[in-house]
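Trainee: Okay, structure incoming, though there's no sequence with it:
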């Protein structure tokens, strides 16, 4: 006859052996896991010659010029907070390709930069990085 404690110990040994191992899937946290990032927008935000710390930066894409139809970027909204040096990094996936798009990187309605002539790729495509600084008075 097998004792219940022996069966329990037998079942727990493989479980306890795995406790020290980390299981990783190669995927980051959250909804970005399913996205294949094809555009990375980086830069620094400065106001009055000082880096803006903790500022929320938004990115929008438009077909053609910055008055064209908006291209949905995932995740939506496409935004990130600046770090202690005023640096931001936003990783997005456009939902449609555009041979000559405009990116609007904005801290506010008064502090933004438009960058025209950007090519938007949908997956599968290699990720491209665009650097856009924002400088305010």
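Mentor: Sure thing, it's come through. These figures come from a predicted structure and were not determined experimentally.
Trainee: Check the spacing between the spatially most central residue of the chain and residue 38 real quick.
Mentor: Central residue of the chain (Cα atoms, centre = their mean): residue 91, 2.9 Å from the mean position. Applying Cβ to Cβ, to the nearest Å, the value for residue 91 to residue 38 is 9 Å. Backbone N, C-alpha and C define where each C-beta goes, glycine included.
Trainee: anything in contact with each of the two?
Mentor: residue 127 (Cβ atoms under 8 Å, 6 or more residues apart in numbering).
Trainee: Do I have it right that residue 127 meets residue 41?
Mentor: No - taking Cβ atoms under 8 Å as the definition, residue 127 is not a contact partner of residue 41, at 11.0 Å.
Trainee: Please say which of these two ends up with more neighbours.
Mentor: residue 41 (24 against 14; other Cβ atoms under 10 Å).
Trainee: Tell me who's in contact with the closest residue to that one other than its chain neighbours.
Mentor: The shortest distance from residue 41 to any non-neighbouring residue, by Cβ to Cβ, 6 or more residues apart in numbering, is to residue 90 (4.7 Å). Counting by Cβ under 8 Å, 6+ apart, residue 90 makes contact with 40-42, 57, 59, 78-80.
Trainee: out of those, which one sits closest to residue 132?
Mentor: residue 41 (6.1 Å; Cβ to Cβ).
Trainee: quick one: contacts for the closest one?
Mentor: By Cβ under 8 Å, 6+ apart, the contact list for residue 41 reads 59, 78, 88-90, 92, 103, 105, 129-132.
Trainee: What of residue 54?
Mentor: Counting by Cβ under 8 Å, 6+ apart, residue 54 touches 81-82.
Trainee: If anything else comes up later, I'll come back, but that's it for now.
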